[in-house]
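Q: fold the following.
(one chain, ligands or ions: 1)
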Amino acid sequence: MPQFDPKSLKTIGVFTSGGDAPGMNAAIRAVVRSAIHHGLQVKGIVGGYPGMVAGDFQPLSLSSMANIIQRGGTMLKTGRLPEFHQAEVRAAAIQNLRDDGIDALVCIGGDGSFTGAHLLWQEHKFPIIGIPGTIDNDIAETDLTVGFDTAVNIALDAIDRIRDTAASHDRLFIVEVMGRDSGFIAVDVGVAGGAEEIFIPENPATVDQAIERIKRGMARGKKSSILVAAEGHKPGRAYDLADAIRKKAGFDAKVCILGHIQRGGSPTAADRILASRFGAAAVDALLAGHCDAMTGIKGHDIVTVPFDKVIGFKKRVSPELVNLVRSLS
Ligand code: F6P
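A: Residues are numbered from 1 along each chain as shown. Next up is the predicted model:
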């Protein structure tokens, strides 16, 4: 585990980065309150890496964390900054942090955000701990990320509603969920929502397989079906699937794209608890002199994993769950 001297630690900066995820506020709250409890000061970096480069920092107090644990989104705002790939942009960010008296960072975000954080340690020895926060759950070395449980439950609620209208009209629906590069949301929603088939980047069903399943259901009297598709690289992929199914089998499929609805709203209890545990663990890790690492959860245990074992590694969707969707449909 990379180490720094924690005796120099007086002020922690915290920021959210990449796509927002429900539970990020609970994580910020836990970082701020744990740090203050341990006698540290905390500053919020507003708007992620763009805010770091612009020097947009604000002091955070115990009371500024009141009434946010239940809120979706992120009170610190978030953003992506492609220019952070440039060394001089990172150097400017580090200068701003040092000028403002910030000694270490907690970064709440996904793989791309951690890549930037890792570079700040490698190039400038700036200590950072990451908290996995993304609805996609696609981060290696942690079973769960903050926001995933909420996103799954939002998508599931939508599917339950769609089922009512699908059954009333004897219709086929394709529901598109988020997940640019990964099918974790689609798989969980597929199992919990009783989908006929799921289309995910890791283990895509073919259109023929989906048609086959629909036909098998029809043969036993089933009149409505739900297919779940992960969005892939371009939202709207479900329309292409619907076209292909219509052309090959003559079935009319209605499409429902859930999109950013899955990223908003109040976090579930599971996400609030996970975020609170991660926030406290991130501060503990910094106080122990650990850095260039991420908090994670394995089973019921909170762990700290070096970024070297996380960044760029792919977490696999469970083949058991994928098979379960197919065997139970
Ligand atoms: O990474 C989280 C996520 O919501 C993905 O599921 C989705 O593909 C992407 O972000 C959408 O990004 P944006 O909000 O920039 O459109």
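
Q: all strands for the chain, in order.
A: 11-16, 41-45, 57-60, 104-109, 128-132, 172-177, 197-199, 225-230, 253-257, 293-298, 301-306 (DSSP state E).

Q: elements contacting the shortest one?
A: This means strand 197-199. helix 184-193, helix 207-219, strand 225-230, helix 319-328 (3 or more Cβ pairs under 8 Å, 6 or more residues apart in numbering; DSSP states H and E). Placement of C-beta: from N, CA and C, glycine included.

Q: mind listing what's buried along it?
A: Going by neighbour count (16 or more other Cβ atoms under 10 Å), the buried part of strand 197-199 is Glu197, Ile198, Phe199.

Q: count the neighbours of Gly250 for me.
A: With neighbours defined by other Cβ atoms under 10 Å, the count for Gly250 comes to 8.

Q: try Pro6
A: Neighbour tally, Pro6, other Cβ under 10 Å: 16.

Q: dump the residue contacts of it.
A: Leu286, Leu287, Ala288, Gly289 (Cβ atoms under 8 Å, 6 or more residues apart in numbering).

Q: please repeat the previous calculation with a cut-off of 6 Å.
A: Leu287, Gly289 (Cβ atoms under 6 Å, 6 or more residues apart in numbering).

Q: how about the residues of this structure near the ligand?
A: Within the chain, the positions near the ligand by Cβ under 6 Å from any ligand atom are Gly19, Gly110, Thr134, Ile135, Asp136, Met178, Gly179, Arg180, Glu231, Arg263.

Q: tabulate those residues in TSV, adding columns for neighbour count and pLDDT.
A: Below are the residues of the chain next to the ligand laid out as TSV (neighbours: other Cβ atoms under 10 Å; pLDDT from 0 to 100):
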residue	neighbour count	pLDDT
Gly19	21	96
Gly110	23	96
Thr134	28	97
Ile135	30	98
Asp136	25	97
Met178	25	96
Gly179	26	92
Arg180	14	87
Glu231	23	94
Arg263	20	97
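
Q: report the two of those separated the most.
A: By the measure Cβ to Cβ, Gly110 and Glu231 form the most distant pair in the residues of the chain next to the ligand, at 15.7 Å.

Q: looks like Phe114 contacts Gly130 (just checking).
A: Yes: taking contacts as Cβ atoms under 6 Å, Phe114 lies within contact range of Gly130: 4.8 Å.

Q: of the two, which one has the most company?
A: Neighbour count, other Cβ under 10 Å: between Phe114 and Gly130, Gly130 has more, with 33 against 25.

Q: burial check on the residue nearest to Gly193 when sequence neighbours are not counted, number of neighbours?
A: Nearest non-adjacent residue to Gly193, counting by Cβ to Cβ, 6 or more residues apart in numbering: Ile159, 3.9 Å away. Number of residues near Ile159 (other Cβ under 10 Å) recorded here: 23.

Q: kindly check the end-to-end length of stretch 308-315 for me.
A: One end of stretch 308-315 sits 14 Å from the other (Cα to Cα, to the nearest Å).

Q: what comes into contact with it?
A: In contact with stretch 308-315 (Cβ under 6 Å, 6+ apart) are residues Phe114, Thr115, His118, Asp138, Ala140, Glu141, Met294.

Q: quick check: buried residues in it?
A: Of all the residues in stretch 308-315, those buried under the rule 16+ other Cβ under 10 Å are Val310, Ile311, Lys315.

Q: now swap in stretch 155-171 and tell me
A: Ala155, Leu156, Ala158, Ile159, Ile162, Arg163, Ala166, Arg171.

Q: output the strands of the chain in CSV; the columns should cover mean pLDDT.
A: Converted to CSV, these look like this (pLDDT from 0 to 100):
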stretch, mean pLDDT
strand 11-16, 98
strand 41-45, 98
strand 57-60, 98
strand 104-109, 98
strand 128-132, 98
strand 172-177, 97
strand 197-199, 95
strand 225-230, 96
strand 253-257, 97
strand 293-298, 98
strand 301-306, 98
